[in-house]
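S.K.: coordinates only, no sequence provided:
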């Protein structure tokens with residue numbers, strides 16, 4: 001394949017709206033992925049603790065920590081919501 005054909009193919013992929021994703025639509029980067037894994041792991045710990053102790057607050061917060069990274073796209077919002085969900089069992093004792 002000649003060099004000009006390769007660059008034409010690359011530019012066609014680059015500017016095709018069906019292939020190119022908008023940055024606002026796809027906000028999955030390394031930091032968002034790692035924060036999601038961290039909060040999911042902590043949430044699993046809260047969930048197991050809440051289930052074994054029959055405590056509803058850690059159980060629900062653990063479930064929320066495992067699920068919410070799928071619905072939050074921004075890294076800052078992900079960290080803020082995750083820290084808030086981790087703090088709830090410390091302040092709410094039922």
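M.R.: Great, that's in hand. What you are looking at is a predicted structure, and each value in this text was computed from that prediction instead of being measured.
S.K.: which stretches of this protein form helices?
M.R.: In the chain, the segments counted as helices under DSSP state H are 3-15, 30-53, 56-67, 75-91.
S.K.: what would the ones you listed look like in TSV with mean neighbour count?
M.R.: (C-beta placed from N, C-alpha, C; glycine too.) Shown next, in TSV, are the helices of the chain (neighbours: other CB atoms under 10 Å):
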stretch	mean neighbour count
helix 3-15	10
helix 30-53	15
helix 56-67	19
helix 75-91	15
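S.K.: could these go into CSV alongside mean pLDDT?
M.R.: Formatted as CSV, the helices of the chain follow (pLDDT from 0 to 100):
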stretch, mean pLDDT
helix 3-15, 58
helix 30-53, 94
helix 56-67, 96
helix 75-91, 94
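S.K.: how close does residue 93 sit to residue 44?
M.R.: 21 Å (CB to CB, to the nearest Å).
S.K.: quick test: name the residue nearest the centre of this protein.
M.R.: By CA atoms, centre = their mean, the chain has its centre lying nearest to residue 69, at 3.3 Å.
S.K.: quick check: pLDDT value at that one.
M.R.: On the pLDDT scale, residue 69 is placed at 92.
S.K.: what residues are up against it?
M.R.: Applying CB atoms under 8 Å, 6 or more residues apart in numbering to residue 69 gives the contacts 32, 35, 36, 39, 40, 78, 82.
S.K.: could you redo these as a markdown table and give each row distance to residue 89?
M.R.: Output for these, formatted as a markdown table (distance: CB to CB, whole Å):
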| residue | distance to residue 89 |
| --- | --- |
| 32 | 24 |
| 35 | 19 |
| 36 | 20 |
| 39 | 14 |
| 40 | 16 |
| 78 | 19 |
| 82 | 13 |
